[in-house]
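Colleague: requesting a structural model of the entry that follows:
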Amino acid sequence: MPKRPTPPAYNCRTHTAPPGRSNESTDRKDCSMSIAEISRRMLDTYPRELNVDRDTLVECIAACSDCAQACTQCADACLSERDVASLVRCIRTDLDCADVCTATGRVISRQTEADANVSRAALEACVTACRACAEECESHAQHGMEHCAVCAEQCRRCEQACRRLADALS
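Modeller: Numbering: from 1, shown residues only. Predicted structure coming up:
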């Protein structure tokens with residue numbers, strides 16, 4: 001098997017405070033990468049051939065991660081609203097969706113000896129959870145809850161990415 005080229009090293013960005021304002025918290029290197037960047041780099045080093053389009057897989061992994069984060073933060077924001085009792089269903093769908101997205105992202109990240117039936121089942125569960133959460137959050141976004149609008153947007157993005165990957169596995 002031909003050896004894959006080594007991906008280029010990730011370059012850290014240096015953040016420097018203005019003159020006279022330097023301290024440990026302002027002079028630092030930022031070596032953070034997005035989930036998409038990490039996934040792409042890891043897949044670039046994967047020693048076997050993938051059974052699915054790399055870009056579709058990366059997009060779905062990132063969408064699952066982003067959606068899980070948005071749902072977790074939306075649930076937390078709902079808990080800070082004045083009328084929390086009216087948001088119980090929203091909080092529940094946020095937390096369910098976050099958990100399903102996290103699990104799905106992990107399942108589809110593992111490509112070695114992957115069982116397409118298990119991956120498809122996880123993706124379908126994610127589509128269902130994202131759709132339910134998006135619908136619930138959209139109803140609250142119509143009443144001015146911006147955190148629900150952000151969450152619904154991420155849920156719809158994840159729902160679409162999971163559908164595309166499930167279709168690619170078929």
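
Colleague: which stretches of this protein form strands?
Modeller: 13-15, 28-30 (DSSP state E).

Colleague: mean pLDDT lowest where, among these?
Modeller: Of all these, mean pLDDT reaches its minimum on strand 13-15 (a mean of 54).

Colleague: ok, residue 50 touching residue 110?
Modeller: No - the criterion here is C-beta atoms under 8 Å, and residue 50 misses it with residue 110 at 11.9 Å. Using the backbone N, CA and C atoms, a C-beta is placed for each residue, glycine as well.

Colleague: if I look at the nearest residue to residue 63 once chain neighbours are set aside, how far off is residue 109?
Modeller: In this structure, residue 63 finds its nearest non-sequential neighbour in residue 161, 3.8 Å apart by C-beta to C-beta, 6 or more residues apart in numbering. According to C-beta to C-beta, to the nearest Å, residue 161 and residue 109 sit 13 Å apart.

Colleague: so those two - more neighbours on which side?
Modeller: Between residue 161 and residue 109, residue 161 has the larger neighbour count (other C-beta atoms under 10 Å), namely 25 against 19.

Colleague: what sits against the more buried one?
Modeller: Counting by C-beta atoms under 8 Å, 6 or more residues apart in numbering, residue 161 touches 56, 59, 60, 62, 63, 64.

Colleague: now for those residues: which two are most distant?
Modeller: 56 and 64 (12.7 Å; C-beta to C-beta).

Colleague: looking at those two, which is more packed in?
Modeller: residue 64 (31 against 16).

Colleague: nearest spatial neighbour of the residue sitting nearest the centre point of the chain, skipping sequence neighbours?
Modeller: Per C-alpha atoms, centre = their mean, the C-alpha nearest to the average position across the chain is that of residue 65, at 1.8 Å. Leaving aside its chain neighbours, residue 65 sits nearest to residue 35 (4.2 Å; criterion: C-beta to C-beta, 6+ apart).
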